[in-house]
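S.K.: have a look at this prediction, sequence included:
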Amino acid sequence: MAISKISSPQTTLFFYDCEVDHKDMDKVNITELCVSEDSAREINSSSKEVKKPYFVGYVKKSDFANYDGPYQKPIPKGRNRYDFAIILKKVTSFIAKNTAPQSIAALMGYNVEGWDQPVLERNCDRFHSSKIGISSWKWIDLAKIAHNLGYPMGTTQQQLEVAICAENLPFNRHRAHADVKVVKQIWRKMTEKVDGDEEKERRINEALAGENPEENVATLLKEYDPSLIPTPEALEVINNVKKAEKLARKEIVVLFDLETTGLFAESNKEKAASHNAAPRIVEFAAKILSPFEGPDYRSETFSSLVNPGIPIPQEATNVHKITTDMVEDAPSMKEVWKEFESWIRTTATFKRIMAESLEEKYDEPKIILVGYNNFRYDNPLLASELLIAGVDLKREIDRSVKESWDALPLMTTWYTGEAKDKKPERNTLQAHARFLNIPENQAHRALDDVETLEQVLRNVTSPINPVHVIVEASKEKINLSSPGVGFKEIIRETQNRVAHEEAERSALKESIGSYLSKKQDSEKPNDSEPPAKRRKKEEKVEKEPSSQEFLVASRDPSQTYESYI
């Protein structure tokens, strides 16, 4: 296809991405954004050190926000959040400062036409911010360039990275600067045969500046580097990546337990549990029920005392041995919940699930909270406690907790039909543990009860990991207390399904690994080239900044840190 005649000005290329708080375009608010200049520049005249300039801005929660504080991911130490209007002013200033004279700013991103551009414009409208700066920007959609090269519609940037760059680098999903880094990596690979050729660079620049930039750029890239046109092998690896995404583990099963100041008060009139007279939490503990084997995955525990804000009655202390003095300096439940969410992200199970994920926009695994009798006791207490602290637990659960699951119905029906002497005398957790010959620990301390629950679940679901059963039951919405469920049959079916998925996952990983290995081998430097030519190529390979460098590289040494937010 012929390139259309172009008489547009030149461009200065930037890379752009933003993160948001909602999937609905009409409700979405930007929480952070990143812009990166394409060209390198010297930031220290006394040395030859060269880094990419980046702008990373973190937006303060607004009155329009659809999330509570924890939705906003932690930011680097020393950084602050600012109002959207301030971030917008900084980003427009950054782009204006780094745009070459007599050229227009072109912002490239993945699916920017369908998402990032309208999101930014609607946020300007919502916060009554001027569009004067952004109205002159030209948006370039890398997804459309890939489609014009021959890649299927719906190909994600992570899939494209595997197919084109022969890399599947783990990165911090749903962080603007990480997605910018991936887009830049893909673009650099696409233009590898263009770099250093003034005529080719000029034509690409003109195509970026003109009409139908994605179509015209793709036509030039096909001419300059036919290897970018997807081969059957490249299309196959994209298909395998998609299959692997569907098989990716996405749930983290977390066992939890609470200790409190007492039981729910009974209403004399209604004779029912009153949420208006709820006890307060004095201890919260949790443990990850990992799908993986090994010592690193068997000791992932979290435990914290909680300051209930009221004295602990002696009757409660007699049960769990926690006194008022012990919790005097303890954090509130709101603070403990934040620590709990942060702890999840530090665990070996979480990190492995993230590393195995191939999805482009896979935020993080969803938590399935599992307790014993938690539907009637722990869950209402937790909801009440967080509401007291001003945290909407339902919104928290929608964000990070996929759902809750109660092990009590399972254990209540597990021995259905058995003789009285072949089942526990009661349906308490401790009674089940004694019946299964599980060694006793300090009952009625939160972490000890969590450990006991784990042993009970592992015993009844053996020989398979109980996490698979819980995920299956949650996925299929199986009510394990319903008559005729046939839980033992569910375990057998789950065992077969897990074995099949593990075999398929292994085959897909092997297929993807084979593609990456072959592509990397085919692109190794040619040893027959003259040494001077090889050195010149190696000098052009620019080192990407580390995570910390990535966040501060936009700082001009002559200006204050705050000027770059």
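M.R.: Structure received.
S.K.: which helices and strands sit right next to the longest helix anywhere in the chain?
M.R.: Ranked by residue count under DSSP state H, the longest helix found in the chain is helix 487-522. Taking 3 or more Cβ pairs under 8 Å, 6 or more residues apart in numbering; DSSP states H and E as the contact definition, the neighbouring helices and strands of helix 487-522 are helix 232-247, helix 408-414, helix 466-475. (Each C-beta comes from the backbone N, C-alpha and C, glycine too.)
S.K.: CA atoms only for the longest one, dumped as PDB, please.
M.R.: In this case it means helix 232-247. Taking C-alpha atoms only, helix 232-247 is exported to PDB below (Å, rounded to 0.1, in the frame of the first residue of the first chain):
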ATOM      1  CA  PRO A 232       2.500 -18.300  11.900                       C
ATOM      2  CA  GLU A 233       4.800 -19.000  14.900                       C
ATOM      3  CA  ALA A 234       4.200 -15.500  16.200                       C
ATOM      4  CA  LEU A 235       0.500 -15.800  15.900                       C
ATOM      5  CA  GLU A 236       0.700 -19.200  17.600                       C
ATOM      6  CA  VAL A 237       2.600 -17.900  20.500                       C
ATOM      7  CA  ILE A 238       0.000 -15.100  21.000                       C
ATOM      8  CA  ASN A 239      -2.700 -17.700  21.000                       C
ATOM      9  CA  ASN A 240      -0.800 -19.700  23.500                       C
ATOM     10  CA  VAL A 241      -0.300 -16.700  25.700                       C
ATOM     11  CA  LYS A 242      -4.000 -16.100  25.600                       C
ATOM     12  CA  LYS A 243      -4.600 -19.700  26.700                       C
ATOM     13  CA  ALA A 244      -2.000 -19.300  29.500                       C
ATOM     14  CA  GLU A 245      -3.800 -16.200  30.700                       C
ATOM     15  CA  LYS A 246      -7.000 -18.100  31.100                       C
ATOM     16  CA  LEU A 247      -5.200 -20.800  33.100                       C
END
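S.K.: partner strands of the helix or strand just after that helix, with direction?
M.R.: Secondary structure here is assigned by DSSP states H and E; on that basis, the next helix or strand after helix 232-247 toward the C-terminus is strand 251-260. Within its sheet, strand 251-260 is paired with strand 281-289 (antiparallel), strand 366-371 (parallel), according to DSSP bridges.
S.K.: most tightly packed of these?
M.R.: Across those, the average number of neighbours (mean count of other Cβ atoms under 10 Å) peaks for strand 281-289, which reaches a mean of 24.
S.K.: this protein: strands as residue ranges?
M.R.: All strands of the chain, identified by DSSP state E, fall at 10-20, 30-37, 41-42, 50-51, 54-58, 103-109, 138-141, 251-260, 281-289, 301-305, 366-371, 401-406.
S.K.: okay, these in CSV with mean pLDDT and distance to Ile388 next?
M.R.: As requested, the strands of the chain are arranged in CSV below (pLDDT from 0 to 100; distance: least, Cβ to Cβ, whole Å):
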stretch, mean pLDDT, distance to Ile388
strand 10-20, 92, 29
strand 30-37, 92, 26
strand 41-42, 45, 52
strand 50-51, 52, 48
strand 54-58, 91, 29
strand 103-109, 94, 42
strand 138-141, 96, 46
strand 251-260, 91, 13
strand 281-289, 94, 10
strand 301-305, 95, 17
strand 366-371, 87, 19
strand 401-406, 78, 19
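S.K.: out of those, nearest to Glu489?
M.R.: Between Glu489 and the strands of the chain, the tightest spacing by Cβ to Cβ is seen for strand 401-406, at 19.0 Å.
S.K.: now render the helices and strands packed on helix 487-522 as a markdown table, adding mean pLDDT.
M.R.: Rendered in a markdown table, the data for those read as follows (pLDDT from 0 to 100):
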| stretch | mean pLDDT |
| --- | --- |
| helix 232-247 | 87 |
| helix 408-414 | 81 |
| helix 466-475 | 78 |
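S.K.: and those helices: which comes nearest Glu300?
M.R.: helix 466-475 (12.2 Å).
S.K.: buried residues in the closest one?
M.R.: Pro466, Val467, His468, Val469, Ile470, Val471, Glu472, Ala473, Ser474 (16 or more other Cβ atoms under 10 Å).
S.K.: and the angle for the longest helix of the chain with helix 232-247?
M.R.: With axes from the mean of the first three to the mean of the last three Cα atoms, to 10 degrees applied, the angle from helix 487-522 to helix 232-247 works out at 150 degrees.
S.K.: redo the strands of the chain as JSON lines? Include distance to Thr231.
M.R.: Formatted as JSON lines, the strands of the chain follow (distance: least, Cβ to Cβ, whole Å):
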{"stretch": "strand 10-20", "distance to Thr231": "27"}
{"stretch": "strand 30-37", "distance to Thr231": "30"}
{"stretch": "strand 41-42", "distance to Thr231": "36"}
{"stretch": "strand 50-51", "distance to Thr231": "35"}
{"stretch": "strand 54-58", "distance to Thr231": "34"}
{"stretch": "strand 103-109", "distance to Thr231": "25"}
{"stretch": "strand 138-141", "distance to Thr231": "23"}
{"stretch": "strand 251-260", "distance to Thr231": "35"}
{"stretch": "strand 281-289", "distance to Thr231": "41"}
{"stretch": "strand 301-305", "distance to Thr231": "48"}
{"stretch": "strand 366-371", "distance to Thr231": "36"}
{"stretch": "strand 401-406", "distance to Thr231": "38"}
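S.K.: the ones you listed: which one's closest to Glu356?
M.R.: Taking Cβ to Cβ, strand 251-260 is the member of the strands of the chain nearest to Glu356, at 12.7 Å.
S.K.: only C-alpha atoms, please: export the closest one in PDB.
M.R.: The C-alpha trace of strand 251-260 is given here as PDB (Å, rounded to 0.1, in the frame of the first residue of the first chain):
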ATOM      1  CA  GLU A 251      -7.100 -16.300  43.500                       C
ATOM      2  CA  ILE A 252      -5.300 -16.200  46.800                       C
ATOM      3  CA  VAL A 253      -7.100 -18.200  49.500                       C
ATOM      4  CA  VAL A 254      -6.500 -16.600  52.900                       C
ATOM      5  CA  LEU A 255      -7.600 -18.200  56.100                       C
ATOM      6  CA  PHE A 256      -8.500 -15.700  58.800                       C
ATOM      7  CA  ASP A 257      -9.800 -15.500  62.400                       C
ATOM      8  CA  LEU A 258     -10.600 -12.800  64.900                       C
ATOM      9  CA  GLU A 259     -10.500 -12.500  68.700                       C
ATOM     10  CA  THR A 260     -12.900  -9.900  70.200                       C
END
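S.K.: that's all I had, so thanks and see you.
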